[in-house]
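Asker: sequence-free structure coming up:
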Ligand SMILES: NC(=O)c1ccc[n+]([C@@H]2O[C@H](COP(=O)([O-])OP(=O)(O)OC[C@H]3O[C@@H](n4cnc5c(N)ncnc54)[C@H](O)[C@@H]3O)[C@@H](O)[C@H]2O)c1
Ligand SMILES: O=C(O)C(=O)C[C@]1(C(=O)O)C=C[C@@H](O)C=C1
């Protein structure tokens, strides 16, 4: 494999999946001149045509196997449930010394599905940019998506440090802050900061939708800021989120169990008119938010240290 050109981090990047995250990466990589060539593959011919039309890839391939040939970085940017089949297809075609990473929202299930298909001499470094929107597809990407956002890497012990350093360099060069942690911890943290909140938003919007039928759209017409934020989140891609809950089952059920207990306690306080309970609870949660602001912490950063393993 020839060396990457000056200023570039990788010579040829292959993007498998051409949706929000892949197209944002491509825009950012191109804007910063970090790769000599970007090759793209998506299942649908229409997505491939859009990628060429917008110009965020240099060329597209008809198959994932063809896309990864000669690439020194391969990015799996498909729904979590599709990662294993893609890895099985590309495995025999990966170039020796290449790095394979993914951007999936769940990490342990991706490692279990992908790692068995990665040949010796190819570096597999799982990753997850904590940045996104409710939009999907090749038209939804933009170069600044990762600016000042966390990008978590979950390399397994023994991963080549030089390969990790190079991937970190790419993520940082497109604006992200990089941290490393083990996959199980990642999945628990994200169950708290992202997965369960999405489920709550889906539920709340579903409840309001049921109500709207009764109240003839009042719910939507008079929706306040908090509910509008829920509707944005609940507009996220159904396939992506189906796969998140199917593959981060244990951590999500753990956090959902705790959430339900707290909700029942608040429900009981409301029924009993227990104002002291409600006031104490809301005072505690307000203090958490204020503490974050007073500490000058970036509120877009998940608070890794606070999360306890299940059972604590
Ligand atoms: N959207 C977000 O906010 C966000 C943020 C961080 C990470 N992620 C993760 O990034 C990955 C991609 O998400 P996205 O938001 O870019 O999705 P997207 O829907 O915008 O794009 C997904 C791409 O994968 C392709 N695809 C879907 N099913 C496939 C299959 N079975 N085989 C091959 N290709 C398939 C689609 O054609 C599309 O090109 C997911 O694993 C998701 O969990 C998403
Ligand atoms: O802002 C949004 O639309 C998001 O929900 C993005 C978000 C998140 O929960 O923060 C969603 C899932 C990803 O795995 C990472 C980021």
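Answerer: Sure, I can see it. These figures come from a predicted structure and were not determined experimentally. Ligands and ions are numbered 1, 2, ... in the order given.
Asker: which residues are in contact with stretch 30-44?
Answerer: Contact with stretch 30-44 is made by 4-5, 7-19, 22, 26, 29, 48, 51, 56-64, 66-67, 71, 73, 138, 143, 170, 173-174, as judged by CB atoms under 8 Å, 6 or more residues apart in numbering. C-betas here are computed from N, CA, C, even on glycine.
Asker: what separates residue 149 from residue 26, distance-wise?
Answerer: 17 Å (CB to CB, to the nearest Å).
Asker: tell me which of the contacts of stretch 30-44 fall in helices.
Answerer: 22, 26, 29, 48, 51, 64, 66-67, 170, 173 (DSSP state H).
Asker: residue 149 and residue 26 - which one has more neighbours?
Answerer: Comparing residue 149 with residue 26 by other CB atoms under 10 Å, the one with more neighbours is residue 26, at 27 against 19.
Asker: that one against residue 57, yeah?
Answerer: Yes. At 6.0 Å, residue 26 counts as touching residue 57 under the criterion of CB atoms under 8 Å.
Asker: identify the contacts common to those two.
Answerer: 15, 38, 40, 51.
Asker: and the second one, which of the three is it?
Answerer: For residue 38, the reduced secondary structure class is strand; criterion used: DSSP: H, G, I helix; E, B strand; the rest coil.
Asker: buried ones only from the ones in helices among the contacts of stretch 30-44, please, as a PyMOL command.
Answerer: In PyMOL, this line selects whichever of those come out buried by 16 or more other CB atoms under 10 Å:
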select buried, resi 22+26+29+48+51+64+67+170+173
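Asker: so which of the ones in helices among the contacts of stretch 30-44 also contact ligand 1?
Answerer: residue 22 (CB under 6 Å from any ligand atom).
Asker: of the ones in helices among the contacts of stretch 30-44, closest to residue 274?
Answerer: residue 22 (50.1 Å; CB to CB).
Asker: excluding chain neighbours, what is closest to that closest one?
Answerer: The spatially closest residue to residue 22, leaving aside those adjacent along the chain, is residue 77, at 3.8 Å (CB to CB, 6 or more residues apart in numbering).
Asker: in stretch 52-60, what counts as buried?
Answerer: Result for stretch 52-60 [16+ other CB under 10 Å]: buried residues 52, 56-58, 60.
Asker: how long is it from one end to the other?
Answerer: 7 Å (CA to CA, to the nearest Å).
Asker: dump the shared contacts of residue 26 and residue 57 to TSV, plus distance to ligand 2 and pLDDT.
Answerer: Formatted as TSV, those follow (distance: CB to the nearest ligand atom, whole Å; pLDDT from 0 to 100):
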residue	distance to ligand 2	pLDDT
15	17	98
38	22	98
40	21	98
51	21	98
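Asker: what is the neighbour count of residue 116?
Answerer: 11.
Asker: got it, and residue 194?
Answerer: 18.
Asker: in JSON lines: the shared contacts of residue 26 and residue 57, plus distance to residue 98.
Answerer: Output for these, formatted as JSON lines (distance: CB to CB, whole Å):
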{"residue": "15", "distance to residue 98": "14"}
{"residue": "38", "distance to residue 98": "15"}
{"residue": "40", "distance to residue 98": "16"}
{"residue": "51", "distance to residue 98": "21"}
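Asker: check which residues of stretch 181-197 are buried.
Answerer: 181, 183-196.
Asker: my guess is residue 114 contacts residue 82. True?
Answerer: No. Taking contacts as CB under 8 Å, residue 114 lies outside contact range of residue 82: 10.8 Å.
Asker: higher neighbour count, the two?
Answerer: Taking neighbours as other CB under 10 Å, residue 114 and residue 82 compare with residue 114 leading, 23 against 17.
Asker: let me see the domain layout of this protein.
Answerer: Listed domain ranges for the chain are 10-181, 185-273 (source: automatic domain parsing).
Asker: quick one: the last one near ligand 1?
Answerer: Yes. When contact is scored as CB under 6 Å from any ligand atom, part of domain 185-273 falls within range of ligand 1: 237, 240.
Asker: on that earlier part again, and the buried residues of stretch 52-60, which is closest to residue 272?
Answerer: residue 56 (57.1 Å).
Asker: which residue, other than its chain neighbours, is closest to that closest one?
Answerer: Residue 56 sits nearest to residue 26 (CB to CB, 6+ apart), 3.9 Å away.
Asker: how near is the one you found to ligand 1?
Answerer: According to CB to the nearest ligand atom, to the nearest Å, residue 26 and ligand 1 sit 11 Å apart.
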